Every structure is written in C-alpha cells, then in structure tokens.
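J.: give me a model of this one.
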Amino acid sequence: MRRKPRPNGKFIALRDVESEYSIPYHKVWRWVDRGLIPRLSREVTGESIYIKRADLDAFLNANMTGAAS
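T.: Residues are numbered from 1 along each chain as shown. A predicted model of the protein is given here:
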C-alpha cells in the first residue's frame with residue numbers, strides 16, 4: 001500500500017489550528033465547510049483536513065479586527 005505524503009510546513013491540520021492560533025476547531029471547521037477557506041483534497045491528505053497557512057492568515061487578516069490590546 002502506498003503511503004500518502006503529509007503536507008509540509010506551509011499547511012496546517014485543522015486539529016492543530018487551536019493550539020497554534022487559539023481559534024476553536026469547530027469555528028475553523030465551519031469556515032472551511034462554508035468554503036471561506038479552501039481545504040486540501042482528501043486524495044492528498046487522507047482523513048485529516050488540511051488548509052494552507054497563507055489562506056488562514058489571509059482570511060484572519062481580512063475578517064478579524066484588532067480590538068483586543
């Protein structure tokens with residue numbers, strides 16, 4: 001059986017977003033489910049959901065306010 005390649009550092013698994021970005025998994029999952037942040041295909045990632053860090057950062061920059069100081 002051929003093993004699927006794991007995405008490198010420019011990708012992040014949704015399960016890791018909470019620990020690295022302090023954003024709850026379910027919130028990011030909803031963004032991906034609604035098509036606001038594109039996900040990698042299952043053929044590439046297997047069962048885990050991966051997104052590009054650049055896509056997540058761009059989404060956050062465009063949609064989040066810097067009100068907390």
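J.: contacts, neighbours, all on C-alpha from now
T.: OK.
J.: count of neighbours near Ile51?
T.: 21 (other C-alpha atoms under 10 Å).
J.: likewise for Phe11?
T.: With other C-alpha under 10 Å as criterion, Phe11 counts 17.
J.: touching, it and Asp55? I think so.
T.: No: contact status for Phe11 versus Asp55: not in contact, 9.3 Å apart, counting by C-alpha atoms under 8 Å.
J.: pLDDT below threshold where in the chain?
T.: The model of the chain has pLDDT under 70 over residues 1-8, 41-46, 65-69.
J.: who's in contact with the most centrally placed residue in it?
T.: For the chain, the residue sitting closest to the mean C-alpha position, by C-alpha atoms, centre = their mean, is Ile51 at 3.7 Å. With contacts defined as C-alpha atoms under 8 Å, 6 or more residues apart in numbering, Ile51 is in contact with 11-14, 37-40.
J.: work out for me the element it sits within.
T.: Taking DSSP states H and E as the definition, one finds Ile51 inside strand 50-52.
J.: can you mark which positions in the following helix or strand past that strand are buried?
T.: Scanning forward in sequence from strand 50-52 by DSSP H and E, the next helix or strand is helix 53-63. Of the residues in helix 53-63, those buried under the neighbour-count criterion (16 or more other C-alpha atoms under 10 Å) are 55-56.
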